[in-house]
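Trainee: Mind looking at a prediction? Sequence and model below.
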Amino acid sequence: MFSFNITGQDTDQVKKKGPADDYSRSSISYLLLNFEGEKYSTELKRGIYGSVVPSKFDNNDMKQKVLKAPYYHSSNPNTRRNIESVQRALATDLYANKIVKYWWRVRDDGSYSTDLIQKRGFYNATDIDVNEADAEKRGRATLADAGEKLIANSYVMVLDYNNIKTMTDIYDAQDEAARKTAKKLNTEYKAVERKKNGYTGKLMAYLFQVNYSDTVQGYFMDAFTDENTLDMNKIDKIFSEVYSPFKFVKSQSVSVDGTQANPGEFLAPVVQKSKQQLMIKLVNNGIGKVINQLEKSLEAFRVKTPLVSTNPPTAKIGKKEGLTYERRYYVWQYVEGNSGKTVAKRKGVVRARKVADNRNDELGATQSSVFYQVGGQKLDIGMTLQERKDMGIGFGAGYGGAGGVVRADINVGQWLNVPVRQFKLYADIIFGSTAYTGVIPVAG
């Protein structure tokens, strides 16, 4: 997979060695950059409406899915300049204001609803949060109010799909090149095998976080004309006094694929997907790859939770947090360092063995997922689990009497998302060995 990234602000999130003190859900929306007139731009605009948000994120399902591209595609793109152009385009579009309106369910007449904020506040609450709220005078109403703080965890991923080609485009180009070569060398022309259909290309994704600071929150509160109505003119100006409505977080480039095997070919589907379905597949393939890369580096996107038991290790997370089988988590313990500051020390590594479906659990009664330890020291209840995704592929090398050995193993359970504990496929390459020279094969 081709991959490239540039990191912007929020360096604490990216470089922090230990986990943050707490974890709250993030929300996300997607915006497709529309390069009007480019080949397949119409198909991409249809495809973005089939995009999927992973369950670990709250879905800011905005009506607006497309933004006019603020730059042109080129063979030598200036990524930093493009980032700045996108950031300006978002500000001009008042997209941050639209996100805030989405959270508050603001209508054109200035009326609003806090239903979504309250719902997300409850959904974000852990069992510990519920127990603490129950001990307070206002009770669980504090959990609903906490949803307002989640507005600052709103992200937008701006998507630039480029170099999109159909497999027919690719095969035609290969055939044309083969014809020219055959003619030049006076050899027989051989047509390329056309085994797949669909789309391929690249994606440059830009991740921004809404700059919903205390200052902006204050301007929003000033927009209330009474308990039931907001001044729409003031709402549109709540970001006017900040440097930018969005903070740039990171860019990521990946290859994208929305193809299928042709009828009669190996792994061909029983029913072929339509062109529109394949474009949706390409769109989501790119989004999935980008999020997978971001989860490896961004603190805010790494799920964190306390360990609630140790034999076996369990934690109150599950499908709601995007947990899958064999997903890797580091286990951290907070200790006081020499300077008197609290620091995080890694104590172990665990993988998910049993994944709970906690998406509809009763508030305060979250199911636990079960893990197994693959490394480290003795674990204690209360230590912090932090998501640390890996590819599920391991490599090793050594040298002995049989010569040099290179080994690769694949964690099948992780790749297939099935509850298969430590079932792996191994491949060994032995080189520089004289142990098998002069062996005569036995006919059989």
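Mentor: That came through, no problem.
Trainee: got any ranges where the protein has weak pLDDT?
Mentor: 1-21, 392-444 (pLDDT under 70).
Trainee: Just give me the residue closest to the centre of it.
Mentor: Ile291 (1.9 Å; C-alpha atoms, centre = their mean).
Trainee: which element is that residue on?
Mentor: Per DSSP states H and E: Ile291 is located in helix 275-297.
Trainee: Export that helix to CSV, keeping only CA atoms.
Mentor: Provided in CSV are the C-alpha atoms of helix 275-297 (Å, rounded to 0.1, in the frame of the first residue of the first chain):
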residue,chain,number,x,y,z
LYS,A,275,-20.3,0.4,-11.4
GLN,A,276,-21.9,2.6,-8.7
GLN,A,277,-21.4,-0.1,-6.0
LEU,A,278,-17.7,-0.4,-7.1
MET,A,279,-17.2,3.4,-6.8
ILE,A,280,-18.7,3.3,-3.3
LYS,A,281,-16.3,0.4,-2.5
LEU,A,282,-13.4,2.6,-3.7
VAL,A,283,-14.5,5.5,-1.6
ASN,A,284,-14.8,3.4,1.6
ASN,A,285,-11.6,1.5,0.8
GLY,A,286,-9.7,4.8,0.9
ILE,A,287,-11.5,6.1,4.0
GLY,A,288,-10.8,2.9,5.8
LYS,A,289,-7.1,2.9,4.9
VAL,A,290,-6.7,6.5,6.0
ILE,A,291,-8.4,5.9,9.4
ASN,A,292,-6.3,2.8,9.9
GLN,A,293,-3.2,4.9,9.5
LEU,A,294,-4.5,7.8,11.7
GLU,A,295,-5.4,5.4,14.5
LYS,A,296,-1.7,4.3,14.7
SER,A,297,-0.5,7.8,15.4
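Trainee: start at 52 instead
Mentor: Yes, from this point I'll number from 52; that puts the last item at helix 326-348.
Trainee: neighbouring contacts of the helix or strand that it is followed by?
Mentor: Per DSSP H and E, the first helix or strand lying C-terminal to helix 326-348 is strand 355-357. For strand 355-357, contacts defined as C-beta atoms under 8 Å, 6 or more residues apart in numbering pick out 70-71, 73-74, 177, 179, 366-368, 372, 432-438. Where you see a C-beta, it was placed from the backbone N, CA and C, and this is true even at glycine.
Trainee: Filter those residues down to the buried ones.
Mentor: 70-71, 74, 177, 366-368, 372, 434-438 (16 or more other C-beta atoms under 10 Å).
Trainee: Domain ranges for the chain, per the record?
Mentor: With domains defined by automatic domain parsing, the chain comprises 54-350, 354-438, 444-482.
Trainee: With secondary structure and distance to Val209 added, can I get the buried ones among the contacts of strand 355-357 in JSON lines?
Mentor: Formatted as JSON lines, these follow (DSSP: H, G, I helix; E, B strand; the rest coil; distance: C-beta to C-beta, whole Å):
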{"residue": "Pro70", "secondary structure": "coil", "distance to Val209": "28"}
{"residue": "Ala71", "secondary structure": "coil", "distance to Val209": "25"}
{"residue": "Tyr74", "secondary structure": "coil", "distance to Val209": "25"}
{"residue": "Thr177", "secondary structure": "coil", "distance to Val209": "31"}
{"residue": "Ala366", "secondary structure": "strand", "distance to Val209": "33"}
{"residue": "Lys367", "secondary structure": "coil", "distance to Val209": "34"}
{"residue": "Ile368", "secondary structure": "coil", "distance to Val209": "29"}
{"residue": "Glu372", "secondary structure": "helix", "distance to Val209": "25"}
{"residue": "Met434", "secondary structure": "coil", "distance to Val209": "37"}
{"residue": "Thr435", "secondary structure": "strand", "distance to Val209": "32"}
{"residue": "Leu436", "secondary structure": "strand", "distance to Val209": "31"}
{"residue": "Gln437", "secondary structure": "strand", "distance to Val209": "28"}
{"residue": "Glu438", "secondary structure": "strand", "distance to Val209": "24"}
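Trainee: For Lys246, which residues are in contact?
Mentor: Contacts of Lys246 (C-beta under 8 Å, 6+ apart): Ala312, Asn313, Glu316.
Trainee: Show the contacting residues for Gln225.
Mentor: Val243.
Trainee: which SS class is it?
Mentor: helix (DSSP: H, G, I helix; E, B strand; the rest coil).
Trainee: Next one: it from Thr177, what distance?
Mentor: Distance, Gln225 to Thr177, by C-beta to C-beta, to the nearest Å: 54 Å.
Trainee: Ala140 too?
Mentor: 37 Å.
Trainee: what do you get for Glu89?
Mentor: Glu89 is 46 Å from Thr177, by C-beta to C-beta.
Trainee: What of Val406?
Mentor: Distance from Val406 to Thr177, by C-beta to C-beta: 17 Å.
Trainee: and if you look at Val300?
Mentor: 25 Å.
Trainee: Could you pull out the helices in the stretch 52-201 of the chain for me?
Mentor: 62-66, 92-98, 130-143, 146-155, 166-175, 178-185, 192-197 (DSSP state H, counting those that start in this stretch).
Trainee: if we can go back for a sec, which one of the buried ones among the contacts of strand 355-357 sits closest to Met255?
Mentor: Glu438 (25.1 Å; C-beta to C-beta).
Trainee: Next up, the contacts around the closest one.
Mentor: Glu346, Arg353, Val354, Lys355, Arg378, Arg379, Tyr380.
Trainee: Next, count neighbours for the fourth one.
Mentor: Counted with other C-beta atoms under 10 Å, residues neighbouring Lys355 total 21.
Trainee: Next up, the contacts around the nearest residue to it once chain neighbours are set aside.
Mentor: In this structure, Lys355 finds its nearest non-sequential neighbour in Tyr74, 3.8 Å apart by C-beta to C-beta, 6 or more residues apart in numbering. Applying C-beta under 8 Å, 6+ apart to Tyr74 gives the contacts Arg353, Val354, Lys355, Thr356.
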